[in-house]
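J.: Let's see this in three dimensions:
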Amino acid sequence: MAPVAFPALPTVVHAVPTGAAYTVLLLLHVACAVVGFGAVAVTGVQSRRARRGPTAAGSDGVRRYFRPGVNWAARTLYGVPVFGFALLASSDGAFAVRDGFVIAGLVLWLAATAAAETVVWPGERRIQEEVSNHWGRGEPQTTGVDGRFDLDCRRVASAAAILSAVFVAAFILMVAQP
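T.: Purely as a prediction, here's the structure:
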């Protein structure tokens, strides 16, 4: 029996741009993604720990993490498309906005940022308020028992886990560039 020959599948081959400027932009793009999504993931872990209350082991770390203020590390997510578009512009036509992996990556980023803006960061602010206003002041423990706080912690932890999965999907997409 003669072997069956299959037609070759068409592949898209991009000439990888070189040069210091492109490399620096790529590093900044990746750094923003890793730092931003990493900070969101840590927020999820800490919110899960916060559910145990102010007397649980590790509560000092939760207090430090949920100090009042903006989580600037997580906001580096906004640098991802900025440096991504700069990469496209400096790729000398090797990559374009119309490339499927670019569109899919942008859609994933938009979904992730919408979830961060509507679930993670508002929940994080409410957790910060609870932790800074009621933990360690000798007040009766309402944290961990209070329904709103518990719900915020669970939502933030769940959304952060989903966003971590989105990051992995986007990372695979950007590396594979289908």
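J.: show me what contacts the residue nearest the centre of the chain?
T.: Centroid-nearest residue in the chain: residue 37, 2.4 Å away (criterion: C-alpha atoms, centre = their mean). Shown here is residue 37, whose contacts under the criterion C-beta atoms under 8 Å, 6 or more residues apart in numbering are 77, 112, 163, 164, 166, 167. Backbone N, C-alpha and C define where each C-beta goes, glycine included.
J.: Tell me the one of those residues nearest residue 41?
T.: Using C-beta to C-beta, the shortest approach to residue 41 within the contacts of residue 37 belongs to residue 164, at 4.9 Å.
J.: Buried residues in the host helix or strand of that closest one, which are they?
T.: Element membership of residue 164, judged by DSSP states H and E, is helix 147-176. With burial defined by 16 or more other C-beta atoms under 10 Å, the residues of helix 147-176 counted as buried are 149, 152-153, 155-160, 162-164, 166-167, 170-171, 173-174.
J.: where does the chain dip in pLDDT?
T.: Across the chain, the stretches falling below the confidence threshold (pLDDT under 70) are 1-14, 137-146.
J.: quick revisit: which secondary structure elements does the helix holding residue 164 contact?
T.: Counting by 3 or more C-beta pairs under 8 Å, 6 or more residues apart in numbering; DSSP states H and E, the packing neighbours recorded for helix 147-176 are helix 20-50, helix 100-115, helix 121-134.
J.: and it with helix 20-50, angle?
T.: Taking axes from the mean of the first three to the mean of the last three C-alpha atoms, to 10 degrees, one finds helix 147-176 and helix 20-50 inclined to each other by 150 degrees.
J.: Measure how helix 147-176 sits relative to helix 100-115, angle-wise.
T.: Between helix 147-176 and helix 100-115, the angle comes out at 170 degrees (the same axes, to 10 degrees).
J.: roughly how far is helix 147-176 from the heart of the chain?
T.: 7 Å (C-alpha atoms, centre = their mean, to the nearest Å).
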